[in-house]
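J.: Okay, predicted coordinates and the sequence, questions at the end:
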Amino acid sequence: MPKTPKFLKGQLLLDGGNLQGSWFSRTVVLICQHDAEGAFGLVLNRDSGNKVGDAVVARLPDALKELPLFVGGPVQPSAMSFLHHDLYLPEANVLPSLNLSHSLDELIELGDSFSATRRLRLFAGYAGWSPGQLEDELQRDAWIVHPASIDLVFHASTSELWKLILRQKGWEQRLLADSPNDLSWN
């Protein structure tokens with residue numbers, strides 16, 4: 001079994017089946033920042049059901065207004081973050097060619113420009129861990145760590161993302177992926 005890296009920036013955390021009943025049940029979290037001071041992540045598979053234009057009151061380009069808004073986590077639900085991918089992003093700070101930002105000006109600038117290869121995903125709120133908290137949760141087997149990729153971050157079917165990744169793992173995770181939300185249904 002591969003050893004979990006000390007810091008998990010650029011990794012995905014998946015509910016390992018021990019978070020049932022919590023806010024993080026069946027979530028996939030991209031860890032965007034992680035160091036001795038704590039961790040910051042965004043939940044990739046929780047669509048808010050709203051469009052960005054419904055939640056952001058700034059003057060946004062029309063293309064941005066129509067994007068789905070995702071719930072990045074339970075912390076500061078009015079805080080905006082976005083992930084931006086393009087083929088060449090020298091300032092990428094999460095993965096190669098994947099940048100995290102919170103700047104409304106930068107978002108508007110991206111919306112006003114054109115790139116056929118650009119992808120954007122906007123989030124309200126985030127997942128945050130204080131120093132040592134995430135490490136403690138990993139020790140208690142709350143999370144399964146999986147390498148992130150651009151394809152997984154921007155996967156079209158967010159509602160199936162958790163199951164999709166678990167099915168790529170061992171047989172125990174495949175059983176977990178196929179289990180009902182409520183185990184009493186089994």
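T.: Everything's here; your move.

J.: make it CA atoms for all contacts and neighbour counts henceforth
T.: Noted.

J.: can you give me the offset of the helix or strand bottoming out on mean pLDDT in the chain from its chain's centre?
T.: Using mean pLDDT, DSSP states H and E, the weakest-scoring helix or strand in the chain turns out to be helix 171-178, at a mean of 84. Its chain's C-alpha centre and that of helix 171-178 lie 21 Å apart, by CA atoms, centre = their mean, to the nearest Å.

J.: Same check on stretch 49-58?
T.: 19 Å.

J.: Likewise for stretch 142-157?
T.: 8 Å.

J.: count of neighbours near residue 137?
T.: Neighbours of residue 137 under the rule other CA atoms under 10 Å: 12.

J.: Which residues does residue 124 form beta bridges with?
T.: Beta-bridge partners for residue 124, by DSSP bridges, are residue 71, residue 80.

J.: Contact partners for it?
T.: By CA atoms under 8 Å, 6 or more residues apart in numbering, residue 124 lies in contact with 69, 70, 71, 72, 73, 76, 77, 78, 79, 80, 81.

J.: how close does it get to residue 151?
T.: Distance of residue 124 to residue 151, given as CA to CA, to the nearest Å: 21 Å.

J.: for stretch 44-56, how far is the first residue from the last?
T.: End-to-end for stretch 44-56, by CA to CA: 19 Å.

J.: and it, which residues are buried?
T.: Neighbour counts using 16 or more other CA atoms under 10 Å place 44, 45, 46, 47, 51, 52, 53 of stretch 44-56 among the buried residues.

J.: show me the contacts for the first one.
T.: With contacts defined as CA under 8 Å, 6+ apart, the neighbours of residue 44 are 27, 28, 29, 30, 70, 71, 72, 153, 158.

J.: give me that answer again for 6 Å
T.: Each residue near residue 44 by CA atoms under 6 Å, 6 or more residues apart in numbering is listed here: 28, 29.

J.: ditto for the fifth one
T.: Listed by CA under 6 Å, 6+ apart, the contact set of residue 51 reads 66, 67, 68, 69.

J.: What's opposite it in the beta bridge?
T.: Under the criterion used (DSSP bridges), residue 51 bridges to residue 68.

J.: related to what we said a few turns ago, which residues touch the least confident helix or strand of the chain?
T.: Under the criterion CA under 6 Å, 6+ apart, residues 163, 166, 167 lie in contact with helix 171-178.

J.: Is it possible to mark the buried ones in those residues?
T.: Buried residues within the contacts of helix 171-178, counting neighbours by 16+ other CA under 10 Å: 163, 166, 167.
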